[in-house]
Structures are given as C-alpha cells and as structure tokens.
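In: quick one: sequence plus predicted model below, questions after.
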Amino acid sequence: MDKPRSKDPLEGVTLEALLTELVTQYGWEYLGQQVPIRCFQVNPSVKSSLTFLRRTPWARSKVENLYREWKTKSSYEG
C-alpha cells in the first residue's frame with residue numbers, strides 16, 4: 001500500500017530551498033517587512049539568513065508559515 005501524500009508544503013523542502021524560493025518570489029525587502037529581522041533588512045544573503053534562522057526558532061517558524069501560505073495560495077490559483 002502506498003502512503004497517502006502529506007499536504008504540508010514543507011515536507012521534503014530544505015530551509016535553504018525554501019528561503020531561496022521566497023527570495024525569488026518576493027524579494028528581500030518584502031521578506032524584511034513580513035519578518036522584521038536584521039539579516040533580511042541589512043545586507044541580506046541566503047548564508048547569513050540561514051545561520052540566523054537555524055538558531056532562532058521563532059523567526060524560522062514565521063518564514064516557514066510565510067512559505068506555507070504562499071504554496072497553499074499558489075496551489076489554489078494554479
């Protein structure tokens with residue numbers, strides 16, 4: 001029997017892939033507005049953001065929720 005597929009858009013997605021997709025879709029400025037953290041607002045880079053997000057559960061949670069919302073919204077539109 002096949003396992004039912006999870007509906008969680010985060011399943012199988014690395015934090016780096018998730019962040020890269022969000023930056024491509026929205027840009028650093030928008031991310032800095034939605035999740036007001038320094039690594040998104042001042043000289044943003046994927047590397048510095050990953051370091052911060054891996055050490056800061058509340059910020060990672062906000063970014064993951066933003067990703068879920070975007071993926072859920074785009075699956076209904078697509």
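Out: Ah, there it is.
In: pLDDT below threshold where in this structure?
Out: Within the chain, the stretches with pLDDT under 70 are 1-6, 75-78.
In: give the buried residues for the strand or helix carrying Gln33.
Out: Element membership for Gln33 (DSSP states H and E) is helix 28-34. Within helix 28-34, the residues that count as buried by 16 or more other C-beta atoms under 10 Å are Trp28, Leu31, Gly32, Gln34. Every residue, glycine included, has its C-beta placed from N, CA and C.
In: and for Glu64, the neighbour number?
Out: For Glu64, the neighbour count with other C-beta atoms under 10 Å is 19.
In: secondary structure class for it?
Out: With DSSP: H, G, I helix; E, B strand; the rest coil as the basis, Glu64 sits in helix.
In: same check, this time on Asp8
Out: Once three-state DSSP is applied, Asp8 turns out coil.
In: OK, contacts around the nearest residue to it once chain neighbours are set aside?
Out: Counting by C-beta to C-beta, 6 or more residues apart in numbering, Arg68 is the residue found nearest to Asp8 once chain neighbours are left out, at 7.6 Å. Shown in contact with Arg68 (C-beta atoms under 8 Å, 6 or more residues apart in numbering): Asp8, Pro9, Leu10.
In: before we move on, what about Ser49?
Out: Per C-beta under 8 Å, 6+ apart, neighbours of Ser49: Leu19, Cys39, Phe40.
In: the same query, at a cut-off of 10 Å, please.
Out: Applying C-beta atoms under 10 Å, 6 or more residues apart in numbering to Ser49 gives the contacts 15-16, 19-20, 22-23, 28, 31, 35, 37-40, 59, 63.
In: in the helix or strand harbouring it, what's buried?
Out: Using DSSP H and E, Ser49 sits within helix 46-55. Under the neighbour-count criterion of 16+ other C-beta under 10 Å, helix 46-55 has Ser49, Leu50, Leu53 buried.
In: so how far is Gln34 from Pro57?
Out: 17 Å (C-beta to C-beta, to the nearest Å).
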